[in-house]
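Engineer: coords please:
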Amino acid sequence: MKVLITGMTGMIGTHIAAACKQQGHETFGIARNSAESRLKALPDPNLFRCDVTDRDQLASVISKIRPDLIFHFAAQAFNGISWECEELTHRTNIWGTLNLLNCAKEFVPHAKILLPCSSTEYGDFNEEDCPLKEEQPLKPITPYGVSKRTVEALGYQYFANYKIKIYLPRLFIHVGTGHPPTTAIQSFARQLALVSRNLQEPVLRVGNLDTARDFIDVRDGVAAMMLLLDKGQPGVPVNICNNELVSIQWVLDTLIKISGLSVDVVVDPHLFRPSDEKILLGDNSRIRQLGWKRQYSIEATLRAIYEDWLSRI
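Structural biologist: The predicted model follows:
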């Protein structure tokens, strides 16, 4: 089987690529030219430089490879950053997806396509609605959430009208090694690693600690997505989450404990977002019904992330 992964040099993309190669699939990837350092770190003759917002460039790659399975992870993937680059978020996520779907329809209409959607699509909900089921009304309130709601709608449009086998996992917050410091967990771990290496004063700058999230280890998330492709139904959204609420304060305290450091914590109002859900908890019944089981505890994930930043620093 031929597999194409857009955004293959990203955190989830690299784990997807490893899983596909382990299963013996001929695996190809796409990365933007701007991912220069990642391209050098992951030399691969099957990795193409391509921007998904360039339809002609994307069509050239897909028509050449003719994949049987496409994972579409090329995106502006950060909810917080989307406030600062709203136009880029919509152009990359929406137009990039539209380009991919049109190219697939033209060149590989029988291929399976996995379109990662997002828990940010739920947006404006009441705490008593949690854990959130897939039937919950979608009311995204961030630029990233709006872009991902559109991605899911496009996926369903192409499934319903052109019978393309499109799978729609709604990813809750995936965490793991190899991620940039643009999320709370990665920022905390990176700052602690800098303190450990005497490259930063023992002071951590943090944002809003009064929230709680449903975190999932990227390795568990990838296993869930592979299972969805094998046993799930196209066109049906499926939450990929742990159905476990973890507070950001607990995450910070646990990372500090793992590091063994004594630090001062300073709350920086500049790190707050314009809107931030108090809690975000998903119902994972659908993926569990397919036979998925969690393998990694949040503590194990946090330890791996901290050790990863120590090596990267």
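Engineer: Going by C-alpha atoms from here, please, whenever you check contacts or count neighbours.
Structural biologist: Noted.
Engineer: In the stretch 201-313 of the chain, mark out all the strands, start to finish.
Structural biologist: 203-206, 212-213, 215-217, 237-240, 246-247, 264-267, 279-280 (DSSP state E, counting those that start in this stretch).
Engineer: Name the stretch among those strands that sits most buried.
Structural biologist: Stretch with highest mean neighbour count among the strands of the stretch 201-313 of the chain: strand 237-240 (a mean of 26; mean count of other Cα atoms under 10 Å).
Engineer: Output the helix ranked longest in the chain as PDB, restricted to C-alpha atoms.
Structural biologist: If you go by DSSP state H, the chain has its longest helix at helix 143-162. Only the C-alpha atoms of helix 143-162 are listed here, as PDB (Å, rounded to 0.1, in the frame of the first residue of the first chain):
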ATOM      1  CA  PRO A 143      -9.900  31.000  14.400                       C
ATOM      2  CA  TYR A 144      -8.400  27.600  14.600                       C
ATOM      3  CA  GLY A 145     -11.700  26.000  15.700                       C
ATOM      4  CA  VAL A 146     -13.600  27.700  12.900                       C
ATOM      5  CA  SER A 147     -11.000  26.500  10.400                       C
ATOM      6  CA  LYS A 148     -11.200  22.900  11.600                       C
ATOM      7  CA  ARG A 149     -15.000  23.000  11.600                       C
ATOM      8  CA  THR A 150     -14.800  24.000   8.000                       C
ATOM      9  CA  VAL A 151     -12.300  21.200   7.300                       C
ATOM     10  CA  GLU A 152     -14.700  18.600   8.800                       C
ATOM     11  CA  ALA A 153     -17.600  20.100   6.700                       C
ATOM     12  CA  LEU A 154     -15.500  19.900   3.600                       C
ATOM     13  CA  GLY A 155     -14.600  16.300   4.400                       C
ATOM     14  CA  TYR A 156     -18.300  15.300   4.800                       C
ATOM     15  CA  GLN A 157     -19.200  17.200   1.600                       C
ATOM     16  CA  TYR A 158     -16.800  15.100  -0.400                       C
ATOM     17  CA  PHE A 159     -17.800  11.900   1.300                       C
ATOM     18  CA  ALA A 160     -21.500  12.500   0.700                       C
ATOM     19  CA  ASN A 161     -21.300  13.800  -2.900                       C
ATOM     20  CA  TYR A 162     -18.300  11.900  -4.400                       C
END
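Engineer: The helix or strand just after it - what's its average pLDDT?
Structural biologist: The helix or strand immediately downstream of helix 143-162 is strand 165-171, counting by DSSP states H and E. Model confidence over strand 165-171, given as mean pLDDT, is 98.
Engineer: what do you get for stretch 304-312?
Structural biologist: So the average pLDDT for stretch 304-312 ends up being 97.
Engineer: Pull out the buried residues from that stretch.
Structural biologist: 305-310 (16 or more other Cα atoms under 10 Å).
Engineer: quick one: it to chain centroid distance?
Structural biologist: 19 Å (Cα atoms, centre = their mean, to the nearest Å).
Engineer: again with stretch 77-92
Structural biologist: Per Cα atoms, centre = their mean, the centroid offset for stretch 77-92 relative to its chain is 14 Å.
Engineer: Run through the stretch 201-313 of the chain and note the low-pLDDT ranges.
Structural biologist: Confidence mapping of the stretch 201-313 of the chain against pLDDT under 70 gives the ranges 272-276.
Engineer: where do the helices sit along it?
Structural biologist: 218-231, 248-259, 285-289, 298-312 (DSSP state H, counting those that start in this stretch).
Engineer: Buried deepest among those helices, which one?
Structural biologist: helix 218-231 (a mean of 19).
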